[in-house]
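# Sharing a model prediction with you, sequence too.
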Amino acid sequence: MKSMEQRTADLARRMPHVPAAVVTRMQVYLREAGTLPQRGMSAAVEDFYARLDAAGLPPEQATEEVFREVGTSRSRFRALIAALVRFAPEVPLAASTPVKQAWDRWLNERYNKKEVLERPSRRVGLPPEDWPESWSRALPDLDRTVRPYGERLRKLAPRTRATVISAVGLLARSRAWAADRGVTLPTDPSAELFDGFLHYLAEERDVSFGTARDYLESTKMFFLRAGLFDEEGFAALGDLIATLGQEAADLDPGKWARLREFRKSFNLADVVQRARTSSEHAWHFPGNSTKAFGLRQKGLIYALLVNTGDRQGDIRDYQIGIDILRDEQGDWRHGIRQAKTSSLKDIGVLWPGTSALLDRHVLGDRPSWQIEDRVAELEGMNLLTLSDRVVNDGFINQRLAADFGIHGHLVRTLIADLIRRARPDALWALQQMLGHADRTMEKVYRSDFDESRAIQAFDELYGRLAG
């Protein structure tokens, strides 16, 4: 049997490429515990540093390829990560996230296979081939930029296009439903057609006022691009959408109760404070862990919600370098076109604290000097997932509900209510926050009244600390 001194000396000899400080930590652990935490740690760590040395890379620039080449099996990859977390905490792990995800997928596919069950189709609306001819003929207009009334209308994004087709298919179904009852609805977008649609939704679909409004908004996108509106039909649809929106807001008995409950314990500054603490708490976990990513992601979401009052649908779809940009000064800004109103929304540079949280989300545990390369690498990727994937519809609401008992739209309501209470002379500022017109909301929102002052003080402090 070798003595402990021989074993620790052997450990160092087996790891000629590993920095002395890392070797020392491993030797101390070996003396105290009698063995390393996992089999294969020393070999994995030596392989890791040897590959870095061969590539001429310092540890803080370890790439996904290095992690992948070392982690040739799930157990070896886990041994490497566990060793780096314990003995080389200065090594950023965010670059290893894709490798971790690949091994997690492999594990799930191998051990968590479930029998695929055939489910009946949930399609309710009619497919485009069964639409009225004038509607079917206009379908290609969703896939290109058009000017049916002189105003430029962009082609629809794939997800929006699917939503519009679903709504128009349901509208076509409502015509067939009405015909079965001896009522002929016109094909032109008119008050009669949309009244029949609402009757069908109420009788057959039992949808809420808000959902009915969303269906009408989608059909509006379609008929605008199709160039089928006349002035009277367009006005009738606008009136219906406005009425349904008001009904949806006024007849939500829980909305105001939830706001009252929120105000008993929190204000908007608490949401921003939670954004900071969530991002800071991520440092307690390995840089490639789902937990660390989720905490930084949540912090970013909360900061954006309060900073800009954006709709959840807009935040979910942000693309780096397209909808949200980082300038040469290190400030983030956006000039998005909102999903609901199609209005451009430009509030200029985001707050320093929000920009700091954006940087940290994009970097993970990488050093801050890599930010420009990282932003370039992620151009076109979804902001929240840093990939092609988009989070599900309820993703943001689930986190707000768990932390504060409210959902994302109520944050917008809180901002609007704050401005109404504190600055009734500045109601025009709500137009920009809600994405309608003016560009001056930022000055008012960050002025000298209670919650806004608290938010501003927090933001400037965190911006300095994170700079």
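Yep, that arrived.
# C-alpha from now on. contacts and neighbour counts both.
Noted.
# Would you map the strands across the stretch 101-250 of the chain?
Counting by DSSP state E, counting those that start in this stretch, one finds no strands in the stretch 101-250 of the chain.
# mind listing the helices in it by residue range?
Per DSSP state H, counting those that start in this stretch, the stretch 101-250 of the chain carries helices over the ranges 133-138, 158-180, 191-200, 209-226, 231-250.
# closest to residue 104 out of those helices?
Closest approach to residue 104 among the helices of the stretch 101-250 of the chain is made by helix 158-180 (27.8 Å; C-alpha to C-alpha).
# Please point out which parts of the closest one sit buried.
161, 163-178 (16 or more other C-alpha atoms under 10 Å).
# ok, now stretch 196-215?
Across stretch 196-215, burial judged by 16+ other C-alpha under 10 Å covers 196, 197, 198, 200, 201, 209, 210, 212, 213, 214, 215.
# So for the residue lying closest to the fourth one once chain neighbours are set aside, what pLDDT did the model give?
The one in question is residue 200. Among residues not flanking residue 200 along the chain, residue 174 sits closest, at 5.8 Å (C-alpha to C-alpha, 6 or more residues apart in numbering). pLDDT, residue 174: 92.
# likewise the one 5 residues further on?
Per-residue confidence at residue 179 stands at 89 (pLDDT).
# so what's it up against?
By C-alpha atoms under 8 Å, 6 or more residues apart in numbering, residue 179 lies in contact with residue 185.
# Go again with 10 Å.
Each residue near residue 179 by C-alpha atoms under 10 Å, 6 or more residues apart in numbering is listed here: 173, 185.
# Distance check, it against residue 371.
According to C-alpha to C-alpha, to the nearest Å, residue 179 stands 60 Å off from residue 371.
# okay but residue 160 is in contact with residue 218, surely?
Yes - using C-alpha atoms under 10 Å, residue 160 makes contact with residue 218 at a distance of 8.5 Å.
# Between these two, which contacts overlap?
Both residue 160 and residue 218 are contacted by residue 166, under the criterion C-alpha under 10 Å, 6+ apart.
# Distance to residue 22 for the helices of the stretch 101-250 of the chain - can I get that in TSV?
Below are those laid out as TSV (distance: least, C-alpha to C-alpha, whole Å):
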stretch	distance to residue 22
helix 133-138	66
helix 158-180	49
helix 191-200	69
helix 209-226	58
helix 231-250	60
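# hang on, the earlier thing: farthest pair in the buried residues of stretch 196-215?
The widest separation within the buried residues of stretch 196-215, taken as C-alpha to C-alpha, falls between 196 and 210 and amounts to 17.3 Å.
# Name the spans of the stretch 301-450 of the chain whose pLDDT lies under the cut-off.
Scanning the stretch 301-450 of the chain for pLDDT under 70 picks out the ranges 335-348, 406-450.
# cool, the stretch 101-250 of the chain as well?
In the predicted model of the stretch 101-250 of the chain, residues 111-123, 246-250 satisfy pLDDT under 70.
# if I look at residue 352, how far off is residue 331?
7 Å.
# just to revisit the earlier point, for residue 149, which of the helices of the stretch 101-250 of the chain is the nearest?
Residue 149 lies closest, by C-alpha to C-alpha, to one member of the helices of the stretch 101-250 of the chain: helix 209-226, at 8.2 Å.
# what's the closest one packed up against?
Applying 3 or more C-alpha pairs under 10 Å, 6 or more residues apart in numbering; DSSP states H and E, we find helix 209-226 packed against helix 133-138, helix 158-180, helix 191-200, helix 231-250.
# Out of those, the one nearest residue 14 is which?
helix 158-180 (54.1 Å).
# how far does that closest one sit from the chain's center?
Put simply, helix 158-180 sits 28 Å off its chain's centre (C-alpha atoms, centre = their mean, to the nearest Å).
# try stretch 349-360
Here the centre of stretch 349-360 is set off from its chain's centre by 15 Å, with C-alpha atoms, centre = their mean.
# Check which residues of that stretch are buried.
Going by neighbour count (16+ other C-alpha under 10 Å), the buried part of stretch 349-360 is 349, 350, 351, 352, 353, 354, 355, 356, 357, 358, 359, 360.
# what do you get for stretch 74-83?
By neighbour count with 16+ other C-alpha under 10 Å, stretch 74-83 contains the buried residues 74, 76, 77, 78, 79, 80, 81, 82, 83.
# Could you pick out which of those are located in helices?
Within these, residues falling in helices by DSSP state H are 74, 76, 77, 78, 79, 80, 81, 82, 83.
# The buried residues of stretch 349-360 in strands, which ones?
Among the buried residues of stretch 349-360, DSSP state E puts residue 349 in strands.
# closest to residue 283 among the buried residues of stretch 349-360?
Among the buried residues of stretch 349-360, residue 360 lies closest to residue 283 (C-alpha to C-alpha), at 10.6 Å.
# so what's that closest one up against?
Counting by C-alpha under 10 Å, 6+ apart, residue 360 has contacts 279, 280, 296, 297, 299, 300, 354, 366, 367, 368, 371, 466.
# ok, now residue 229?
Counted by C-alpha under 10 Å, 6+ apart, residue 229 has contacts 148, 149, 188, 189, 190, 220, 223, 235, 237.
# And for the last one, the neighbour number?
Residues within reach of residue 237, counting by other C-alpha atoms under 10 Å, total 23.
# can you tell me which residues contact it?
Residue 237 makes contact with 189-191, 193-195, 213, 216-217, 219-220, 229, 243, according to C-alpha under 10 Å, 6+ apart.
# Is residue 405 in contact with residue 399, as I believe?
Yes - in this structure residue 405 lies within contact range of residue 399 using C-alpha under 10 Å: 9.0 Å.
# Give me the more crowded residue out of these two.
The neighbour comparison of residue 405 against residue 399 (other C-alpha under 10 Å) goes to residue 399, with 17 against 14.
# mind checking the backbone torsions on the more buried one?
Dihedral pair for residue 399: phi -70, psi -40, per degrees, to the nearest 10.
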